[in-house]
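K.L.:
got a sequence here, can you build the structure:
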Amino acid sequence: MVAIGAVFKPGEAVPHSGIYRVSHDPEHAQEHEVTCLFGKRFPPCRGCNQPRFVLVRAARYVETQDHFKGS
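P.N.:
Predicted coordinates for the structure are as follows:
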């Protein structure tokens, strides 16, 4: 599993589903949190070219849990 606090850039693969804190160019936007899913890619920002994604809390997507498969 990826370490809490690991930093990622747009275009990189999401290594673990969870909550990520996003930092932008401070003149563009304040920090905020988003949910990212394993297997997707971190998206680019439409307003700046330097967002960074920091893993805050890892979580498993419900459909990957054996208790919920086939639901």
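K.L.:
C-alpha from now on. contacts and neighbour counts both.
P.N.:
Fine.
K.L.:
distance of Glu33 from Tyr61?
P.N.:
Noted for Glu33: a distance of 17 Å to Tyr61, by CA to CA, to the nearest Å.
K.L.:
contact partners for the residue most central in space within the chain?
P.N.:
The residue lying closest to the centre of the chain (CA atoms, centre = their mean) is Cys36, at 3.8 Å. Neighbouring residues of Cys36 by CA atoms under 8 Å, 6 or more residues apart in numbering: 14, 16-20, 42.
K.L.:
all strands for the protein, in order.
P.N.:
Here the chain has its strands, by DSSP state E, at 7-8, 18-23, 32-36, 52-58.
K.L.:
okay, these in CSV with mean pLDDT next?
P.N.:
Compiled in CSV, the strands of the chain are given as follows (pLDDT from 0 to 100):
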stretch, mean pLDDT
strand 7-8, 96
strand 18-23, 96
strand 32-36, 97
strand 52-58, 96
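K.L.:
a markdown table for those, including distance to Arg46?
P.N.:
Shown next, in a markdown table, are the strands of the chain (distance: least, CA to CA, whole Å):
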| stretch | distance to Arg46 |
| --- | --- |
| strand 7-8 | 17 |
| strand 18-23 | 13 |
| strand 32-36 | 15 |
| strand 52-58 | 13 |
